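**Student:** this one's sequence-less:
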């Protein structure tokens, strides 16, 4: 996907690092008129970009808005394919629902659906997901890997390690992963992952990975029952986090680990996942659609299932469940 003129203007002003860039220079570089340059700059100002015009010198980018618009994420992208097509909504019902429909329509591998706010965000088992405006990252990524449907669930773990690495890169937080789809910081949930599949009998058509990351919420966002179980990166660090940068980092590591998975298989991903895990070695309660069982989590299998050793010594594979870590 080609870079838009708007993205090129933002990138050029950002690269100048406070030095003024003349309208004439921008016009020549972009091969448009100075009038068009002015119109683009005016539009950026209306979108929240603070651009100072210095007489006889040019334009300086003073501040960028805290949004997840495509041009903001694209500024930080270091990927070959992921995020090259970004579908942005200021508000939508659910990025996962939209991405699911887009995948059926045949959009390209690596297409990202992202929104500032979701009115009907959803997690596993169609549970609702709190998606406050402008505070988190609510996005769904469409992948089209050449794999068998039986291995699709492994991409939840690929996404988990990618988000963990991205959080480490952009903050001082040290996340842990609770099988199968939660990232925790100091025992509280900061990220949820929802992986859904479109496939034929023997071939994946699309994997849609929905990601909800609590970034800049304050304590007011987690009142009542959420106070003891949820947190945000800002609450943990005391600092505002650039959401666009974090989103781009997630895409970078998702591409890196997806490529690793396709090339080398699940084993190296499993080893990275285990380095972040807070499930293995603990006594847990696993609630499935059928029943609730307790036991010691002893590992994950090569297809991503959790191995649970019951009190009678039986080892059971869990493929989908809600997990509670139990205090001994």
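**Tutor:** Looks like it came in fine. Treat the numbers as computed from the prediction; the structure is a model and nothing was measured.
**Student:** quick one: contacts of stretch 85-98?
**Tutor:** By Cβ atoms under 8 Å, 6 or more residues apart in numbering, the surrounding residues in contact with stretch 85-98 are 1, 68-70, 73-74, 102, 107-108, 110-122, 133, 138-140, 194, 196, 208, 210. Placement of C-beta: from N, CA and C, glycine included.
**Student:** quick one, which of those residues are buried?
**Tutor:** Buried members of the contacts of stretch 85-98, scored by 16 or more other Cβ atoms under 10 Å, are 68-70, 73-74, 102, 107, 110-118, 121-122, 138-140, 194, 196, 208, 210.
**Student:** keep only those of these that are in strands.
**Tutor:** Taking DSSP state E, the ones among the buried ones among the contacts of stretch 85-98 that sit in strands are 112-115, 138-140, 194, 196, 208, 210.
**Student:** now pLDDT too, for the residues you listed, in TSV please.
**Tutor:** As requested, those are arranged in TSV below (pLDDT from 0 to 100):
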residue	pLDDT
112	99
113	98
114	98
115	97
138	97
139	98
140	98
194	95
196	96
208	98
210	97
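**Student:** let me know the closest of those residues to residue 149.
**Tutor:** residue 196 (11.8 Å; Cβ to Cβ).
**Student:** would you confirm that the closest one contacts residue 100?
**Tutor:** Yes - using Cβ atoms under 8 Å, residue 196 is in contact with residue 100, at 6.5 Å.
**Student:** rewinding a little: turn the ones in strands among the buried ones among the contacts of stretch 85-98 into JSON lines, columns for distance to residue 278.
**Tutor:** Listed next are these as JSON lines, based on distance: Cβ to Cβ, whole Å:
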{"residue": "112", "distance to residue 278": "28"}
{"residue": "113", "distance to residue 278": "29"}
{"residue": "114", "distance to residue 278": "28"}
{"residue": "115", "distance to residue 278": "29"}
{"residue": "138", "distance to residue 278": "24"}
{"residue": "139", "distance to residue 278": "24"}
{"residue": "140", "distance to residue 278": "25"}
{"residue": "194", "distance to residue 278": "20"}
{"residue": "196", "distance to residue 278": "25"}
{"residue": "208", "distance to residue 278": "26"}
{"residue": "210", "distance to residue 278": "22"}
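**Student:** just the closest of these to residue 179, please.
**Tutor:** Closest approach between these and residue 179, by Cβ to Cβ: residue 194, at 14.6 Å.
**Student:** enumerate every residue touching the nearest residue to the closest one once chain neighbours are set aside.
**Tutor:** Nearest residue to residue 194, sequence neighbours excluded (Cβ to Cβ, 6 or more residues apart in numbering): residue 210, at 3.9 Å. Applying Cβ under 8 Å, 6+ apart to residue 210 gives the contacts 95-96, 99, 122-123, 139-140, 193-196.
**Student:** can you show me the strands along this protein?
**Tutor:** Under DSSP E, the chain gives strands at 50-54, 58-63, 86-89, 112-115, 136-143, 176-178, 182-185, 188-199, 204-214, 283-287, 292-300, 306-309, 315-318, 322-325.
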